[in-house]
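Asks: Predicted model and sequence below, questions to follow.
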Amino acid sequence: MSDKNIIYKVYRFYRDGFRSMTIGRTLWTVIIIKLIVIFAVLKLFFFPDVVGRQAKNGDRATFVAGELTRR
């Protein structure tokens, strides 16, 4: 690859930056754990699958269309 390729320059910039991190790795670990908690755990407890449970025979599109026109 040539150094004039912008994609390679960006890749090399981030590769070298992440390789030389010390405290940054710990911070990225904390960020990833927080994202897992937010999107996985909270979704399970606070955002139940209402459409999946109330739609009969797996016909979700008809259920949603009926709810939209009814309201």
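Replies: Now that the structure is in, tell me what you want to look at.
Asks: So which helix or strand of the chain has the lowest pLDDT on average?
Replies: helix 50-54 (a mean of 79; mean pLDDT, DSSP states H and E).
Asks: For it, which helices and strands make contact with it?
Replies: Applying 3 or more C-beta pairs under 8 Å, 6 or more residues apart in numbering; DSSP states H and E, we find helix 50-54 packed against helix 60-70. Bear in mind the C-beta positions are built from the backbone N, C-alpha and C, glycine included.
Asks: Name the residues of the helix it packs on that are buried.
Replies: Within helix 60-70, the residues that count as buried by 16 or more other C-beta atoms under 10 Å are F63.
Asks: and that helix, C-alpha only, in CSV?
Replies: Output of helix 60-70 as CSV, limited to C-alpha atoms (Å, rounded to 0.1, in the frame of the first residue of the first chain):
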residue,chain,number,x,y,z
ARG,A,60,-46.5,-8.4,13.7
ALA,A,61,-47.2,-6.2,10.6
THR,A,62,-50.9,-6.6,10.9
PHE,A,63,-50.9,-6.0,14.6
VAL,A,64,-48.9,-2.8,14.3
ALA,A,65,-51.0,-1.5,11.4
GLY,A,66,-54.1,-2.2,13.4
GLU,A,67,-52.8,-0.3,16.4
LEU,A,68,-51.8,2.7,14.3
THR,A,69,-55.1,3.0,12.6
ARG,A,70,-57.0,2.4,15.8
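Asks: neighbouring contacts of that helix?
Replies: Residues from elsewhere that reach helix 60-70, judged by C-beta atoms under 8 Å, 6 or more residues apart in numbering: 51-52, 54-56.
Asks: next one: stretch 24-34
Replies: Contacts of stretch 24-34 (C-beta under 8 Å, 6+ apart): 18, 21.
Asks: Could you do stretch 37-57 as well?
Replies: Residues outside stretch 37-57 that contact it (C-beta under 8 Å, 6+ apart) are 60, 62-64.
Asks: so how far is G52 from G66?
Replies: 15 Å (C-beta to C-beta, to the nearest Å).
Asks: correction: K34
Replies: Where G52 is concerned, K34 sits at a distance of 27 Å (C-beta to C-beta).
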